[in-house]
Each structure stands twice: as structure tokens, then as C-alpha cells.
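Q: I'll drop the sequence and a predicted model, then ask my questions.
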Amino acid sequence: MTTSSPGTAAPVRPDQTRTSAPVLQVDGLVRVYGDLRAVDGVSLRVDPGETFGLLGPNGAGKTTTILMIAGLLRPDAGSVHVAGTDMAADPIRAKGHLGLVPQELAIYPELSARDNLRFFGRLQGLRGTRLKTRVEEVLELVGLEDRSRKPSKTFSGGMKRRLNIGIGLLHEPTLLILDEPTVGVDPQSRHAILESVATLTEAGMAVLYTTHYMEEAERLCDRIAVMDEGRVQAQGTRDELVELVGDADVVVLAGGGALEVAEAAVEVLPAVQRVTRDAEGLRLTVRGAPTAIAGIVTAATDAGMSLHDVQITRPDLESVFLHLTGRALRD
Ligand SMILES: Nc1ncnc2c1ncn2[C@@H]1O[C@H](COP(=O)(O)OP(=O)(O)OP(=O)(O)O)[C@@H](O)[C@H]1O
């Protein structure tokens, strides 16, 4: 995992255990608009089959970053390599490995889902049986087989978004880039979109997923870059990021009985950092509570505490964002 201090690009630490070449390697990307450094030295790496999240609030620079990654916006500095190909040197080849699903819908409302896919498939160079097969596969993957013959203008916002994703998938890219795919969609479509992404990554596709929803990053992504004010503030697995907060889990043992004895018994356990007693029972700060909890409960009850309830509150990516930026992730 890496963190960056203000004014520096987030360094990417080489992973000694990694053997396969990255699908995406981004180094020191910068994009300036007037006085604003919209993207200010972003470096990241996506490995084959990995789902990588770019998590940050509106205006953090996520869209600008992925437009540069997709070769649609020229960086002021930095480089992008897709499957080993330099985007600046050979954009056609580099783009061939990418599927980009933008925030804005790019579908023809009068055409059916199937015809939209056929049309965009041809644009992507697919023909004949391969085009036909891919259209049917993609319709199934995004869950639109039932409505495939209806004009897409009759679709809900979520269904249109799913069709948009399907278009990005037709040519079987090595890396699919999704820009906030669930913003403004109904819960059913949101669920379908998240399921489709999970299915794709199970099938080996790498995904770069931008979102300002912490829950989506937590649920979907193998690694996450926390982005704010044009910079990657930290990147790593969810657990690595959460460790940055430094605070251990909070465990509440609610109950009565021999509280003082129980307090003495649990506070000597190695995972327990601190214990306080209150009207509810005992409140502990614990490192790795999910594994330590069984021992804690046993020690407390053996010491004569009668337990009514046990609660573990874990730090999450929201706490990480607050820790790194001093602000809440949600507006
Ligand atoms: N073409 C442009 N000209 C001037 N400023 C821009 C331009 N594009 C983006 N910006 C600014 O750059 C910053 C980053 O924007 P960007 O769209 O990349 O953020 P984001 O994280 O994707 O947020 P959102 O989800 O709202 O799109 C914002 O302050 C935005 O106003």
C-alpha cells in the first residue's frame, strides 16, 4: 500500500510477489486547467483480472484521470501504458485493449438494445458470427435479453446504463473502465450492474471503477486508490487503507455481573488495547476484533460477566477518507 503527502505524486511500491505484467500502468499523470491542477501526479497500476477502484468525491479528478487513461484527453505530464503499450506512442493499439463506459449515455434511443449493440459492435470492427455471438453474450451479461427488441428510449435510466456498459464490453477488452456507473440508477439496476462487474472480473477481465460510493468500492474492488483534489492520497486493499486510520475496532460487551473482574481479565489479552467500564458494560478497543472476539467473550464470561449483547464496530473507507483529507467523503 502507498500513501502520498501533499504536493507529491503517490508512489507505487513495486510488489515483489507480482509476476504478470500490469494491464494498466499510470505514472505521474497531470492535467491543468488554468490555475487548477485537476489531476496532479496520479500514479497507479492495475493487474490482470483485478478490480481497481478510484474512490473520491465529486471534483476529485476521477473523470479527468480516466479520460487521460483512455487516450481521450492529452496529459500535461505523465504516461499511460495499457497492456504494455504506451498510449502516447501507439494510441490505436493501446485503445484496442480498453473498453470505456462514460458517465454520459452514448446510445441511440430509437434503436433497440440489440441494434445498438450491433451498431457499436460494427464500429469496433466486429463482423459476422463473432458480432452475432458477442451481441447475445453481452445482452445476457447485462441482463437485457428480455427487452432486447424494444427501443432503448423506453428503458429506465438503469437499463440504459446497462446497455452503455454492454457497448463497452463488445470487443472483449482487457481492461474495462467504468465511470460512476451507478449514479442516478434505480436499486434493481444498481444491483444488476454490480453483479455484472463481479461476473466480468470472475471471468478474468480487469476493471477500473470510479465511484464516490464507499460501499461499492468496498464490495467490488481488490484495491482502491483514494483520490482527492487531483491526487491519490493513498492506495491499497481495503484492509490496508483502513489500517491507516490507526484506530482499532471498537467492541462493546453489554451486560452485568462481575464487571470489574471481567475488565481485568480482558485487558491483559494481547489484542485488547484499552478497556473502559460504563453503564452498558465494557467498551474495548481491539486490534483485529473478528479473530480476537471469541477469546474476549470467553475471558469476560469466565470472569463472571453476564453478557446480553456483543457489538463490533469496524473502521471503514469513510473513516479513511476523513483521516486522509479531514473531510467527509459524502457531500
Ligand atoms: N474541461 C475542464 N475545464 C475546466 N475545469 C475542468 C474541466 N474538466 C474538469 N474540470 C475541473 O477539474 C476538477 C476535476 O474534475 P473531474 O470531473 O475529473 O472530477 P470527478 O472526480 O470525476 O468528479 P465528478 O464525479 O463530479 O465528475 C473539477 O474541479 C472540475 O471542475
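A: Thanks, I have the structure now.
Q: domain parsing for the protein?
A: 2-97+173-243, 248-314 (automatic domain parsing).
Q: which SS state does R31 fall under?
A: Judged by DSSP: H, G, I helix; E, B strand; the rest coil, the three-state class of R31 is strand.
Q: What is the neighbour count of it?
A: Using other CB atoms under 10 Å, R31 has 22 other residues around it. No exception for glycine: its C-beta is placed from N, CA and C like everyone else's.
Q: Please tell me how far it sits from P102.
A: Remark: distance between R31 and P102 (CB to CB, to the nearest Å) = 17 Å.
Q: same deal with V207?
A: V207 is 15 Å from P102, by CB to CB.
Q: Likewise for L72?
A: Taken as CB to CB, the span from L72 to P102 is 9 Å.
Q: What's the first helix or strand after the helix or strand harbouring A262?
A: Using DSSP states H and E, A262 sits in helix 259-267. Downstream of helix 259-267, the first helix or strand assigned by DSSP H and E is strand 272-278.
Q: Using PDB, write out every CA atom in that next one.
A: What follows is strand 272-278 as a C-alpha-only set of coordinates in PDB (Å, rounded to 0.1, in the frame of the first residue of the first chain):
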ATOM      1  CA  VAL A 272      -7.000  -5.600  23.600                       C
ATOM      2  CA  GLN A 273      -5.600  -2.100  23.700                       C
ATOM      3  CA  ARG A 274      -7.900  -0.400  26.100                       C
ATOM      4  CA  VAL A 275     -11.000  -1.200  28.300                       C
ATOM      5  CA  THR A 276     -13.500   1.200  29.800                       C
ATOM      6  CA  ARG A 277     -16.500   0.400  32.000                       C
ATOM      7  CA  ASP A 278     -19.800   2.200  31.600                       C
END
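Q: Flag every buried residue along the helix or strand following it.
A: Counting by DSSP H and E, the next helix or strand C-terminal to strand 272-278 is strand 281-286. When burial is assessed from 16 or more other CB atoms under 10 Å, strand 281-286 yields the following buried residues: G281, L282, R283, L284, T285, V286.
Q: Helix or strand next in line after strand 281-286, which one?
A: Defined by DSSP H and E, the subsequent element after strand 281-286 is helix 289-302.
Q: now that next one against helix 259-267, angle please.
A: 140 degrees (axes from the mean of the first three to the mean of the last three CA atoms, to 10 degrees).
Q: Return the set of buried residues in helix 289-302.
A: Buried, per 16+ other CB under 10 Å, within helix 289-302: A289, A292, I293, I296, V297, A299, A300, T301.
Q: what do you get for stretch 321-331?
A: Buried residues in stretch 321-331 (16+ other CB under 10 Å): F321, H323, L324, T325, L329.
Q: Looking at these, which is nearest the ligand?
A: Ranked by distance to the ligand (CB to the nearest ligand atom), the buried residues of stretch 321-331 are led by L329 at 11.7 Å.
Q: Ramachandran coordinates for the residue of the stretch 151-300 of the chain found nearest the ligand?
A: For the stretch 151-300 of the chain, the residue positioned closest to the ligand under CB to the nearest ligand atom is E180, at a distance of 5.7 Å. Main-chain torsions, E180, degrees, to the nearest 10: phi 40, psi 60.
Q: what about it, neighbour count?
A: 21.
Q: residues in contact with it?
A: For E180, the contacting residues are K62, T63, Q103, T210, T211, H212, by CB atoms under 8 Å, 6 or more residues apart in numbering.
Q: 6 Å instead?
A: Q103, T210, T211 (CB atoms under 6 Å, 6 or more residues apart in numbering).
Q: Next to the ligand, which bits of this structure? Give me the list.
A: Within the chain, the positions near the ligand by CB under 6 Å from any ligand atom are Y33, L36, A38, G56, N58, G59, A60, G61, K62, T63, T64, E180.
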